[in-house]
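**Student:** coords below, sequence missing:
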């Protein structure tokens, strides 16, 4: 579904903007320039780590703080390995795709750890109730360091829009 969505978005952008796009540039350096010495990096193993931490129901539907922390540690270790040693070669596209998988997995796990409640589809078996003080979005950013911040509560957004 992600590939179909990407193709559809690109087709719409071509239709709307034509071919006169500005030159593209990469976001981040993971998979392009290693922070340390270049060394062998197992793309398949990193992808298996993502699948092993992000797919199982017992880790991502029935969430617990300790399991989220363990999953983040596993994904973060793969990210650090990629970031420190992976250098592009014949598999440059696969390496960048793997960097994207690891980055989005880290963001997802970091926000799930920070939300110590159950809300919407985010269910924590160790925190089954909704916490009214957490009625806000969590905004995540950063590559080498994951940064989180709480967005203004939804009620504040509604008041601003009404004014």
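**Tutor:** Alright, I've got the coordinates. Keep in mind the model is a prediction, meaning the values are calculated, not measured.

**Student:** tell me which residues in the helix or strand where residue 13 lies are buried?
**Tutor:** Per DSSP states H and E, residue 13 falls inside helix 2-17. In terms of neighbour count (16 or more other Cβ atoms under 10 Å), helix 2-17 has no buried residues at all. Where C-beta positions appear, they are placed from N, C-alpha and C, glycine not excepted.

**Student:** And the average pLDDT for it is what?
**Tutor:** Mean pLDDT, helix 2-17: 78.

**Student:** how many neighbours does residue 61 have?
**Tutor:** Residue 61 is flanked by 11 other residues according to other Cβ atoms under 10 Å.

**Student:** I'd guessed it sits against residue 123; true?
**Tutor:** Yes: look at residue 61 against residue 123 with Cβ atoms under 8 Å: they come within range, at 6.6 Å.

**Student:** Low-confidence regions, the protein specifically.
**Tutor:** 1, 18-27, 153-163 (pLDDT under 70).

**Student:** all strands of the chain, in order?
**Tutor:** 138-141, 147-150 (DSSP state E).

**Student:** Dump those strands into a markdown table; add distance to residue 70 as well.
**Tutor:** Below are the strands of the chain laid out as a markdown table (distance: least, Cβ to Cβ, whole Å):
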| stretch | distance to residue 70 |
| --- | --- |
| strand 138-141 | 19 |
| strand 147-150 | 19 |
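
**Student:** can I get these in TSV with mean neighbour count and distance to residue 98?
**Tutor:** Shown next, in TSV, are the strands of the chain (neighbours: other Cβ atoms under 10 Å; distance: least, Cβ to Cβ, whole Å):
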stretch	mean neighbour count	distance to residue 98
strand 138-141	13	19
strand 147-150	12	22
